[in-house]
Every structure is written in structure tokens, then in C-alpha cells.
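A.B. asks: I'd like to go over a predicted model; first the sequence, then the structure.
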Amino acid sequence: MALMRITSPHAHGPMTTSRVMQNVLLATVPGIIVLTHFFGFGVLVNIAWASILALGFEALALRLRKRPLGFYLGDYSALVTAVLLGIALPPYSPWWLIAVGIAAAILLAKHLYGGMGYNPFNPAMVGYVVLLISFPVQMTSWAPPRGTGELPGLLEALQACFTPASFDGVTMATPLDVLKQNNSLLLEDLWQQNVQFGRWAGLGWEWANLAFLAGGLWLLYQRIYTWHAPVAMLTTLTLMSALFYDGGSSASGGSPLFHLLSGATMLGAFFIITDPVSSAVSNRGRLVFGGLIGILVYLIRVFGNYPDAVAFAVLIMNLAAPFIDQYTQPRTYGHASNRSDG
Amino acid sequence: MRKVFGFHGGIHPPENKHQSLGSPIAQAGIPAELVLPLSQHIGAPAVPIVEVGQHVLKGQQIAEPAGFVSVPIHAPTSGTIRAIEDRQVAHPSGLSARCIILASDGKDEWIEHSGLADYRQVERSELLSRIRNAGIAGMGGAGFPTAVKLAVKPDAKITTLIINGTECEPYITADDELMRERAAQIIEGTEILSCIVQPDETLIGVEDNKPESIAALQAAAQGTAIEVVVFPTKYPSGGEKQLIEILTGKQVPSGGLPADIGIVCQNVGSTVAIRDAIIDGRPLISRITTVTGESVQEPRNYEVLLGTSMSYLLQQAGYQPDGNKRLIMGGPMMGFTVPDPQVPIVKTTNCLLAPSEAELPTPPPAQACIRCGMCAEACPASLLPQQLYWFAQGREFEKAEQHNLFDCIECGACSYVCPSNIPLVQYYRAAKAEVVQMRRDAEKSEHSRIRFEARQARLEREAAEKEAKRAARKKAAEEKARLAAEQGGAGEDPIQAAIERAKAKKAAQAAGAGGESEAEKLEKAVQTTRKRLDTAEKKLAAAMEEGSDLVSALQTGVDKTRAKLEAAETALADYHRANPSTEPVTAEPEVDAAQAAIKKAMAARAAEADKSPEQKARDNLAKLEARLAKSEARLEQSRAAGEEEKIITALESTVERLKDKVAEARSALAEAEAS
């Protein structure tokens, strides 16, 4: 009888990479529902089209790299990238815009760097930034949320995506945009004059952020990642906005609540900066990583040229992650200091 | 209630302990053949002290320890030594190792043995030597010689003695059963241990998933100073370092030993073995082994004689080979697969796990590391396994060491939680082995470098010395020539000069009070020549020792000097024979030494000249043959005396050369005879 010879451990836990990715996908569902409720079917069309493209590009790249398709497609990582980018893009985006974004994310940011696990940058954010720089007009045209006008139906949403020329959509500046352009009104007046501000941070946005927060908390509970990066990011963002709030004058950067619940704050905190591949590795490292992202998000939102900042902040910190790792090695059992050579 | 501490990381794999806990410990019985590997412990393998065919009794020592970190081996039953040969053993390498094969005679006849009546009255060193002589090595799995572990430095104060009853590995229940059934013996053994190490406190650590054991121990410990400490179940609490942290909050320094922080740790199984050795005088010849897994019908614990084959034990438990793809010695986290069910149970075999494929499925292919960090969360050593994996894969061993690769205890928690199914521990083992090999290579090449440089320096020094001597000789010769030129002009005949010098000397002697007698002169000549021969021989010996290439030249010099000495001695003897009554020696004006020498030399030359070329050649040959015989004799002598290789080689080359010369002389003689 030939006995198998393998080294320990022989037992394995129930967790698999595909389950991790499935959990992440599942956790985006509340956010997607809220976004769809407020901005219409454009959100779903975005995500669906992005997913189809991502699987296609992933398969193409694997084919070119002579890797087994089933084994790699089964890890759901391309799908996660597609869903995150689909959520981040303005609803009713044209098909080609999504295609360019997904191509950049899957081919450029992921497979050119060696595929799954080897990408230094968050693929979805690379796709997003490529689009933001190349097509700023399309990328900043957000549909008006429910409550400010009629939402397009499913058919119109498909039309907007696949025959963009025939779609005559209405767009509206996002609250972050409006706040950035404001230099004469007190925040109180601004809120009253702009219907899209909603209660705290923008009609639709505040609820979408809360939904992503809920999804993120569920992932934390599932121990998919640790609390360090999200908590650090939200903390520094709160601190920065509290520091520059100045009670709501016309020069105010916006309240902490506004910053926490607008734009891509919660999506970023719980779904983007928690991407393990491109973030710092140790818990202390993730505190630094998340904390600096929070500061950068605020700085870029308030003092930069782009209304939202998560994508840029994440990419910059992706670049810094190996450096952070170098200085945040945890103290090993039986060692006096954090570094074996120090 | 005592405060217990936590440790970083850890996991909660399914325990799977209930399967083997249904029935009490069973006796596995005496198999027909026992295979006893000489190495069942960490350290040097034991050395057999029995011969094939010898009859031995149960408990008789059959192999003795080799060195300090080693333990003896005893016959687990009575019988005959069948063989001492290489057999496949339970080792991760799957290699064979030397074993003593014992054919049991079924009588199970004990050798005379006795324990100590009162171990408290005995020296600590006596207790330690009894533990060592009983062949006890750590029975928790590592197998480190127990006596060595207990022999802490006399100045090191042990504050805490910890008895490890944690048994955190899934499936294994050997210690659990032992604690349930033999709690009193564990307490007895613990008291012996605390008598040896004299700690301030003695703790027995047990995980809270063993309530029966805890109750049994607490009952047995009543009235003693021993405290049973219960803490939450988590793998790997039973790791020595983790258990120490749980019970004391202290961490063993990296690269250090528990004794460095005043702690000694012993497994409950070893504790019972120590008790048996001290109280009963019974050496370690059996142990408790769990046989479990879905491929055995009746999982339970057995008391099994060391050397029993695994298949014998498996059969007793109702082994179903179908569907059992791997056989694991130890648990599912740290155990290793054995190559063949015939391998024997040894001192460290705490469990035999025969899982079904459904139970422990063959690992699927590994996916890419997504650096999720679950491994870092699980690591009890607070390492960054994902980084270590990255460095191991990229062969960046220096960075891996910087990330404390060598603090990895290979518990397998990281691999267990890895969602990508990466066999992380395997990468660390390989990286550690590579680093160790690299260190060894570096050490070796450094050693070679130093040796090479030393040789180079010596050769240079020798060359410089030789050159300096040559320069000095040259200078002296030039000086002499210059002086000669200054004194006597260019065209002076050196022979004439010598004659004149001799004459002058003679005149001076005649003018002086006594003057040396001929005999004294000859005596002096013999002495000086002997002295010269001595020096020359010393030089030759030195040259041989160094293996210098001057050996042959020096050899010729020595030969020449010896010939001169012989001539001088002959001359002296001749003189004595010619002048038997020269005692006391009186100066004789007629005897002019210088004149005589000159005459003698002239006569010799004339005789030489008179000789036919044939005669000359013959003489030459005879001389050479004599030298050859002498050299050969010397060579024989050196060989017999077992002198250094260099000297023998030098002598050999001399003999060779002389042989050549003899051959030359022979052909010259033949030529001369022909003409």
C-alpha cells in the first residue's frame, strides 16, 4: 500500500479565497440596493456590464498567460474588482467607458503585474483613476437622486449604456462638488438651497454610505479583515474635518458627519483600503496606512482639484505600503523590540 | 483562582478527541518482533551493547547513551537479539536508521530492578542519573532527553515548574487518558520533579476541554503544593513557549531556554515515566499511544511496548486500509506522515492517526497569496507568515531572517487558516534548512580562506628567508673575493696559498709552547665533522617536516658529510694504530700534519688517476649501491616507525634517485668494460 507523504499540517480550516471574495461581494449588496433605490437601474447596469467585461478580460489574460481558466476564474477576484468599479462609476455610464475602466483594472493593474496577489495597486482604483483623468466630464456627471426628479427606467438605463447617443440624461452636481465650488454661502444656507444635500451628507449618499458601513461591519464580524485600516481612516478623516470645520462658514471644509457619509468614504474604508494585496500587511502597518488615507482623502477633497479623493488617496498609499511594512513589523514572541536587527 | 494570560493568535480546529475517549487504556500486548531505533530522541543515537543472538531480559539496557545529550535504550520484553540493522523508522525524512531487532520469547521476564525507598534522601545528581539511565526523553513529541532538561545550571534559580497536560493537538487523547487514569502517579512524578528543581511554585496546566482530567488531578493534588491551572482551549496552547506565556505571562527569549527565565516544563507522560523510574526502578519501555481516525473501527488509547510496529497496533484497533491514504504519527497539525505501517512505535509516538479521505482531504492546489493576513492573526509567535512566505518564495533569506523566520515553531496555524491553501509551514522548513546550509557553507569557506592565506603567507616567508640567505652567502663570497684580491693580488694560486697558510700555521705552532699533536688534530677533525653532520641532519629533518623542496639537496649534503666523518674516523683510527704509544701524545717534529695531509691527498689523487676507468666506474657503482642500500634501510625504518607521510615521500624520492644513479653507473661500468 502506497501511503501519501505530505508535511504538516494535515488539517485545514474552512476558509477559502473564493469564500473570502464571495463574502466581500455579499457585503456590497446592501449598498448596491440603496444606490439603485436612489439613482435607478443605471447602477445595476453598470455593475452587470462591468462584471461581464471583467470575466471576459480575466479569461483573455489567463488564456494569454496560459493559465487554467476554471481554477483562476473560480476565485471571484475579477468579479470583486468589477463590482467595486461598477459601484464607483456614475450610473448610466456609456458601455465603452466601463470597458476602458475594466480593461485598465484587469489587464493593466492586475495581470501585467503578475495577476492575483501580485498587484501593487488596487485594480478597481487604477481603472477608476484612468477614467477620471481621461474622461473627466463623463466621470463627474452623476444622475440626480430620487426625490429631485424622475428616475430613468430599466430600458432607459440599458439605452444609456449601450446606445449612449440616444440617451438624453439629466445630471446634477454631487454634494461634494457643490461644497467645493461654494465660496459665498454659509453651510446652512447651502443645505437649504441645494436639494441634493439631503439630511446630513447628500440625498442617497448618506444612506448608501450607511449601507456600505453595515456591509463592512459584517465583514469585520466574519473576520475577513481586521478593524485597523477602516477605523484609522475614518478616525483621521473625522479629525481632519473637525479641525477645518470652523462651525460652518462659507470657507468651511464640511462637517465630520458630511465627510463620513458622502462620496465613497464608507465604500473606500471597508471595501477598497481593506484590499489586502495592495495594503500594508501588519496591523500596525494598516493603522498607518488607513490613517494616512483618511488624511489624504480630506486634503484632496477640500484642497485638491477633484471632488472625491478616495481613489487617489488609495493609490498613493498603495505606493507607500511596502515602506510602511518596513517599519511596522510586529514584535515577535520572545523578542524585546519590533525589529530583529534593532 | 490563578490569573491566566493569553497569547497572540491561535486557532480552534475541530477537536475530534471524543472518538478515542470512549474506553480506558488497553494493553497492546507483546508482538513477536520489536524494532528499537537507536535514535528515539533528540541528540546522539545510542550505541548497542548487546550482540546478535544474545538473550536479554525485560528492562535490560541494550544500548548506551553516546554523549551527554543522549539516552539509553532498554529491552521492552525478554527475548533474543535477532539483528542490529537498518530499518525504516518514523521520521519526517522517511529514511532508514539503525535499529536493534528483538525477538520476544513471550515470557516477559523482568531483569532484577528496584526503585528508591525514599528519593528525598538521595542526591539530586543521583536522581538525574537514574532518570537518564531509565532512557527518558520528552514524551510530548519532541523527545529531548529529560535529564538534560532538568540539569539546569546550579546558579540558575527555577521559580516555576510547569507540568504540561495541555494536549492541544486535535485527535490526541494519550495525555488526557493518562491524567484520568493515573493522576496519582502524575502527582507523585511531579513531586519528584519539584524535589529535583526546587521551584517556588509547581503548576499543572490543562485546557478546559478535559474536565475529567482536571477533576482527577485536583483530587490527587489535594494536600500538596501543586496547583492545577485550567485555561481556555486554543491551539497551540500546549506549545512549551505558549504554555509558559499562558501560565506566567512571561515569554521565553528568542533563541533561549525556559530555564533562562526560571521555568522548567515537563510533559505529563514524561512525569509518569520519571515516577516509574525513581519509585519502581522501571526504565522507559512502553508508552500510551492514541490510535484514532475514521480508518480505525475502535479508536482508543493503548499502552504499547516501544518497538511495536504500527501495523500491529492498528490491527488491534480494527484498521481499514481502504480509504486511508495517509498514516500520521502525531496529530493533524504537527504530525508527520509515515512511509510504511511497519515502522515502530517510539518514545515520541503519542498518536497514530489513520484518517479517511473525507476526514482530512488531500489538499487542493494552492492559490495565490492575497496577503489577507489571516495567517498573521493566527500566528502564536506574532510573525508575519505572509511576508515570510513571500521571502521564502523569492529566496530572500536574509529578509526572512530579519522577519524572525527562526522563531517559527511550525505549529501549522497559518497553513490551517490560509484561504489559498498554501502549505506555508513547508516553505518555512525549506527556508530554514537553506539558511542553515548557507551558514554552514559560509563557515566552511571562511575556514578554507584562512587556511589558504596562512599557507600563502608561510610560502612567502620561506621564499623570503631563502632569498635573504642566498643574498647573505653571495655577499660573504664577494667580500671574501675582494679581500683575497686586496691581499694577494689576482694571479695567486689558491693551492699554493693553502700550503703557505698551513706552513705558517705549522711555524706558529712550532714557535708556540706546546703545539697540537697529530692525534688531537685528528680528534678535533672527527668532532667538527660530527658536529657538522648533526647540524646537517637536523636541517634535513626540519626540511622534511615542512615538506620543503630542499630535501634532496640536504640529503646529498648529509651523505657527503657522513662520508667525511667516516674518513676522519678512519684517519684517526689509522693514526692510533700507527702510533700505539702516543699516550701521552708528544709533539714530533718529523710529523708534519700539513705535509702529510697534502701528501695523502696527492697520493689519493694519484691513485685515482692510476685507476683504470673500469676500476673507477666499478668503485663508483659500489659506492652508489652502498648508499642506495642505506637509503632503503632508512625508508624501511621510517615506514615501520610510521613516520610522517612527507618524510616517507622524501625518502622514497631519494631512493628513486639513487636507483637511477646506480643504473647510470652500471651502464657506465658496462661501457668502461666494453672499451
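C.D. replies: Received, thanks.
A.B. asks: Going by C-alpha atoms from here, please, whenever you check contacts or count neighbours.
C.D. replies: Fine.
A.B. asks: now the chain, which segments are flagged as low pLDDT?
C.D. replies: Assuming you mean chain A. A:1, A:338-342 (pLDDT under 70).
A.B. asks: ah, no, chain B please
C.D. replies: B:1, B:488-494, B:509-517, B:547-548, B:580-594, B:608-611, B:675.
A.B. asks: and stretch A:178-189, how far apart are its ends?
C.D. replies: Using Cα to Cα, to the nearest Å, the end-to-end distance of stretch A:178-189 comes to 12 Å.
A.B. asks: any idea how far it is from the chain center?
C.D. replies: Counting by Cα atoms, centre = their mean, to the nearest Å, stretch A:178-189 is centred 27 Å from the centre of its parent chain.
A.B. asks: Would you mind measuring from residue B:216 to residue B:184?
C.D. replies: 8 Å.
A.B. asks: Kindly report the same for residue B:173.
C.D. replies: Distance, residue B:173 to residue B:184, using Cα to Cα: 18 Å.
A.B. asks: Repeat that for residue A:151.
C.D. replies: Per Cα to Cα, residue A:151 is found 80 Å from residue B:184.
A.B. asks: now do residue B:617
C.D. replies: For residue B:617, the distance to residue B:184 - Cα to Cα - is 101 Å.
A.B. asks: Who has more neighbours out of those two?
C.D. replies: Neighbours were counted for residue B:617 and for residue B:184 using other Cα atoms under 10 Å in any protein chain shown; residue B:617 has more, 21 against 18.
A.B. asks: Could you find the closest non-adjacent residue to the more buried one?
C.D. replies: Excluding the flanking residues, the one nearest residue B:617 by Cα to Cα, 6 or more residues apart in numbering or on different chains is residue B:669, at 5.0 Å.
A.B. asks: pretty sure that neighbour is in a helix, no?
C.D. replies: Yes - per DSSP: H, G, I helix; E, B strand; the rest coil, residue B:669 lies within a helix segment.
A.B. asks: can you count the residues close to it?
C.D. replies: Using other Cα under 10 Å as the criterion, the residues surrounding residue B:669 number 21.
A.B. asks: OK, contacts around it?
C.D. replies: If a contact means Cα atoms under 8 Å, 6 or more residues apart in numbering or on different chains, then residue B:669 has B:614, B:617-618, B:621 as its contacts.
A.B. asks: how about a cut-off of 7 Å?
C.D. replies: Contacts for residue B:669 (Cα atoms under 7 Å, 6 or more residues apart in numbering or on different chains) come out as B:614, B:617-618.
A.B. asks: Enumerate the residues of chain B near chain A.
C.D. replies: When proximity is defined as Cα under 7 Å from any Cα of the partner chain, chain B approaches chain A at B:251-254, B:325-327, B:332-337, B:339-340, B:360, B:368-373, B:381-383, B:402-404, B:412, B:415-417, B:419-420, B:426.
A.B. asks: Please flag which of these sit within helices.
C.D. replies: In helices, defined here by DSSP state H, the members of the residues of chain B next to chain A are B:402, B:415-417, B:426.
A.B. asks: what sits against residue B:628?
C.D. replies: Taking Cα under 7 Å, 6+ apart, one finds B:655, B:658-659 in contact with residue B:628.
A.B. asks: Make TSV from these and add neighbour count and secondary structure to it.
C.D. replies: Putting the contacts of residue B:628 into TSV (neighbours: other Cα atoms under 10 Å in any protein chain shown; DSSP: H, G, I helix; E, B strand; the rest coil) gives the following:
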residue	neighbour count	secondary structure
B:655	21	helix
B:658	20	helix
B:659	17	helix
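A.B. asks: Just the closest of those residues to residue B:390, please.
C.D. replies: Of all the contacts of residue B:628, residue B:655 has the smallest distance to residue B:390: 66.1 Å, by Cα to Cα.
A.B. asks: Okay, that closest one and residue B:649: tell me how far apart.
C.D. replies: As judged by Cα to Cα, residue B:655 and residue B:649 stand 10 Å apart.
A.B. asks: Give me the phi and psi for residue A:243.
C.D. replies: Backbone torsions for residue A:243, taken as degrees, to the nearest 10, come to phi -60, psi -40.
A.B. asks: Can you tell me the SS state at residue B:101?
C.D. replies: Secondary structure, three-state DSSP: residue B:101 is strand.
A.B. asks: Tell me which residues touch it, please.
C.D. replies: B:33-36, B:81-84.
A.B. asks: Identify the bridge partners of it.
C.D. replies: According to DSSP bridges, the partner residues bridging residue B:101 are residue B:35, residue B:83.
A.B. asks: quick one: it from chain A, how far?
C.D. replies: Computed as Cα to the nearest Cα, to the nearest Å, the residue B:101 to chain A distance reads 24 Å.
A.B. asks: which ones are touching the nearest residue to residue B:328 once chain neighbours are set aside?
C.D. replies: Closest residue to residue B:328 apart from its sequence neighbours, by Cα to Cα, 6+ apart: residue B:337 at 4.3 Å. Residue B:337 sits next to A:5-7, B:326-329 when contact means Cα under 7 Å, 6+ apart.
A.B. asks: Tell me, how many residues neighbour residue B:674?
C.D. replies: Neighbour tally, residue B:674, other Cα under 10 Å: 8.
A.B. asks: contacting residues for it?
C.D. replies: If a contact means Cα under 7 Å, 6+ apart, then residue B:674 has no contacts.
A.B. asks: how close does it get to residue B:662?
C.D. replies: Taking Cα to Cα, one finds residue B:674 at 18 Å from residue B:662.
A.B. asks: Could you look up the SS state of the residue lying closest to residue B:34 once chain neighbours are set aside?
C.D. replies: Excluding its sequence neighbours, the residue lying closest to residue B:34 (Cα to Cα, 6+ apart) is residue B:307, at 4.5 Å. Residue B:307 carries the three-state label coil when classified by three-state DSSP.
A.B. asks: before we move on, back to that, tabulate the ones in helices among the residues of chain B next to chain A (JSON lines), appending neighbour count.
C.D. replies: Formatted as JSON lines, these follow (neighbours: other Cα atoms under 10 Å in any protein chain shown):
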{"residue": "B:402", "neighbour count": "15"}
{"residue": "B:415", "neighbour count": "28"}
{"residue": "B:416", "neighbour count": "28"}
{"residue": "B:417", "neighbour count": "27"}
{"residue": "B:426", "neighbour count": "18"}
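A.B. asks: Any chance of those in TSV with distance to residue B:189 as columns?
C.D. replies: Putting those into TSV (distance: Cα to Cα, whole Å) gives the following:
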residue	distance to residue B:189
B:402	42
B:415	37
B:416	35
B:417	38
B:426	37
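A.B. asks: any idea how far residue B:424 is from the residue in the stretch 1-150 of chain B that chain A sits nearest to?
C.D. replies: Closest residue of the stretch 1-150 of chain B to chain A, Cα to the nearest Cα: residue B:13 (7.0 Å). From residue B:13 across to residue B:424, the span is 17 Å (Cα to Cα).
A.B. asks: Compare the two (neighbour count), which wins?
C.D. replies: For residue B:13 versus residue B:424, the count of surrounding residues by other Cα under 10 Å is larger for residue B:424: 23 against 20.
A.B. asks: Where do the domain boundaries of chain B fall?
C.D. replies: Following automatic domain parsing, one gets these domains for chain B: B:18-353, B:379-482, B:517-584, B:611-675.
A.B. asks: tell me the most buried of those?
C.D. replies: Of the domains of chain B, the one with the most neighbours on average (mean count of other Cα atoms under 10 Å in any protein chain shown) is domain B:18-353, at a mean of 21.
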